[in-house]
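Enquirer: sequence and predicted structure below; questions after.
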Amino acid sequence: MNRDPEPTRTTAMSVSFETQIRPMFRDKDIAEMIDVMQLDLASYEAVRDNADAIYGQVESGWMPCDVPWNPEQVALFKQWIDGGFAP
């Protein structure tokens, strides 16, 4: 009996702010952004509301200023945005 292979199923991994996004912001980054931009990177609401601007900064390598995120971190942040900002 010849069976066709099952179709490949792609499931989007749900990305969570609390477990995956928040930990990428170091305490140093949080403190600096509060001082300079009055933006609390530890706050789900603040990051959600400013996600496009934050993404632009991390994607360009401007943020964080001392050690840019690696491509996987940038992609994870984008996936969180595209997935609907899960808390």
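Expert: On my side now, so go ahead. Residues are numbered from 1 along each chain as shown.
Enquirer: residue nearest the centroid of the chain?
Expert: For the chain, the residue whose C-alpha lies nearest the mean C-alpha position (C-alpha atoms, centre = their mean) is residue 77; its distance is 2.0 Å.
Enquirer: how far does the helix or strand of the chain with the lowest mean pLDDT sit from its chain's centre?
Expert: In the chain, the helix or strand scored least confidently by mean pLDDT, DSSP states H and E is helix 27-37, which has a mean of 95. Helix 27-37 has its average C-alpha position 17 Å from the chain's average C-alpha position, going by C-alpha atoms, centre = their mean, to the nearest Å.
Enquirer: can you list the buried residues in the very next helix or strand once past that helix?
Expert: Past helix 27-37, heading to the C-terminal end, the next element that is a helix or strand (DSSP states H and E) is helix 44-49. Within helix 44-49, the residues that qualify as buried by neighbour count (16 or more other C-beta atoms under 10 Å) are 44, 46-48. For glycine as for every other residue, the C-beta is placed from the backbone atoms N, C-alpha and C.
Enquirer: go on, stretch 54-62?
Expert: Under 16+ other C-beta under 10 Å, the buried positions of stretch 54-62 are 54-55, 57-59.
Enquirer: can you check stretch 15-26 too?
Expert: Of the residues in stretch 15-26, those buried under the neighbour-count criterion (16+ other C-beta under 10 Å) are 15, 17, 20-22, 24-25.
Enquirer: from those residues, pick the one nearest residue 39.
Expert: If you rank those by distance to residue 39 using C-beta to C-beta, residue 25 comes first, at 10.4 Å.
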